[in-house]
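Participant: Need the 3D shape of this:
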Amino acid sequence: MNKARQKILHNIRKSLGRNELDANTVNKLKARLAAHTVHEQPTLEKNLITLFIKNLKKVEATLELIPNAKEIPFAVLAFLQKHNLAQEMVLDAHLKNLPWPNKWHLAYRAAKPEDTLSVTSAFAGIAETGSLVLLSSAASPTTLNFLPENHLVVLQRENLLPHLEAVWARLRAQAMPRTVNIITGPSRTADIEQTIQLGAHGPRRLHVILVN
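Facilitator: Here you go, the predicted model:
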């Protein structure tokens, strides 16, 4: 736990009139988390990919299924050509070692308002809802998920999970990130005459590249 987080938690305990947690209490809390009850979950289709694609379409996201990670740049190129976009983008650093074309303008940094396209990697996909789970880190700033109008997300097949509960189980097994974003489709609003408008508070297009 970093010093900033420790200070925040200390101030909360102080305002509640509580002391620092002793080792016995910490161990009890850890045991409780490890043995938490999993509530009833709906039965899903056996083929998670089919269900995931169906739910993605419901929320107006798109998907391309590719056989391996080396095909990711070609999938990105197809998206650029379809929407007549320039070959420039911001990416998270987890994708740096892919065979990107030398002539493309690539930047590995936080997104800026003028960026039009970002490519990020997902921690998980949720078949039940067609959602994507993205974690913030120095390699993958949260701005990549919300500022550019076009958001491409790379999802590995082994990270496609049936329910949200399975995502939290995986997260508990590692260091918790500062931010967890659960994204379901492109940004939208119906505030204007009850008509759906895409790109209201974030990306206008959400495209998933599923590596099978």
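
Participant: Verify the stated contact: Thr116 with Asn150.
Facilitator: Yes - in terms of C-beta atoms under 8 Å, Thr116 counts as a neighbour of Asn150; the distance is 6.1 Å. C-beta: built from backbone N, CA, C; applies to glycine.

Participant: Mutual contacts of these two, please.
Facilitator: Counting by C-beta atoms under 8 Å, 6 or more residues apart in numbering, the contacts common to Thr116 and Asn150 are Leu85.

Participant: So which of those two has more stuff around it?
Facilitator: When Thr116 and Asn150 are compared for neighbours, Asn150 comes out ahead with 21 against 16, by other C-beta atoms under 10 Å.

Participant: how about the more buried one, what does it touch?
Facilitator: Contacts of Asn150 were listed using C-beta under 8 Å, 6+ apart, and they are Phe79, His83, Leu85, Thr116, Leu117, Ser118, Pro203, Arg204, Arg205, His207.

Participant: how about the third one, secondary structure?
Facilitator: Okay, so that is Leu85. Secondary structure, DSSP: H, G, I helix; E, B strand; the rest coil: Leu85 is coil.

Participant: How about the nearest residue to it once chain neighbours are set aside: which residues does it bridge to?
Facilitator: Closest residue in space to Leu85, ignoring its immediate chain neighbours: Leu117 at 6.0 Å, by C-beta to C-beta, 6 or more residues apart in numbering. Here Leu117 sits in beta bridges with Asn150, going by DSSP bridges.

Participant: right, and Leu117 touches Leu147 too?
Facilitator: No - in terms of C-beta under 8 Å, Leu117 does not count as a neighbour of Leu147; the distance is 10.4 Å.

Participant: Compare those two (neighbour count), which wins?
Facilitator: Neighbours per residue (other C-beta under 10 Å) separate Leu117 from Leu147, with Leu117 holding more: 24 against 20.
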